[in-house]
Structure formats: structure tokens, C-alpha cells
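Colleague: this one's structure only:
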């Protein structure tokens, strides 16, 4: 049961991040300031974070 509670917390954190970032990205796009380098940074950063989170979970950290 505690694991399900943690899953809910994790999903809430992801959703909050997504909501906030999406809003900011839309604003940048509306201003014509959303550069491809920002999208690349987002993509590589999220891939790295996913690997780090899953690695920590599998190692019990």
C-alpha cells in the first residue's frame, strides 16, 4: 500500500512539472523565443533524469 501512495506522489510531481513547463514553453513559443536548443536540452535532460530515477529505484536508493 505504501508503494501505491508513493506512486501517486510521483505521478503528481510529474504532472505538476509537465503542467508548469508546458505553460512556460507555450509562452516562449508565442513570443517566438522557443529555440531548438531548448527542445534538445529538454529531451536530453528528461532522458538523463529518467535513467537516474530508474537506476536509483533499482538500486534501492
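Modeller: Ah, there it is. On a predicted model such as this, the values are computed, not experimentally measured, just so you know. Numbers count the residues shown, from 1 in each chain.
Colleague: by contact count, what packs against the helix or strand hosting residue 13?
Modeller: According to DSSP states H and E, residue 13 maps onto helix 2-30. On a contact count with 3 or more Cβ pairs under 8 Å, 6 or more residues apart in numbering; DSSP states H and E, helix 2-30 meets helix 36-58. Yep, even glycine has a C-beta here, placed from its N, CA and C like the rest.
Colleague: Quick one: list the elements packing against the helix it packs on.
Modeller: Here helix 36-58 touches helix 2-30, going by 3+ Cβ pairs under 8 Å, 6+ apart.
Colleague: for the record, mean pLDDT for the helix it packs on?
Modeller: Mean pLDDT, helix 2-30: 97.
Colleague: just how off-centre is that helix within its chain?
Modeller: 7 Å (Cα atoms, centre = their mean, to the nearest Å).
Colleague: List the buried residues of it.
Modeller: For helix 2-30, a neighbour-count test (16 or more other Cβ atoms under 10 Å) marks nothing as buried.
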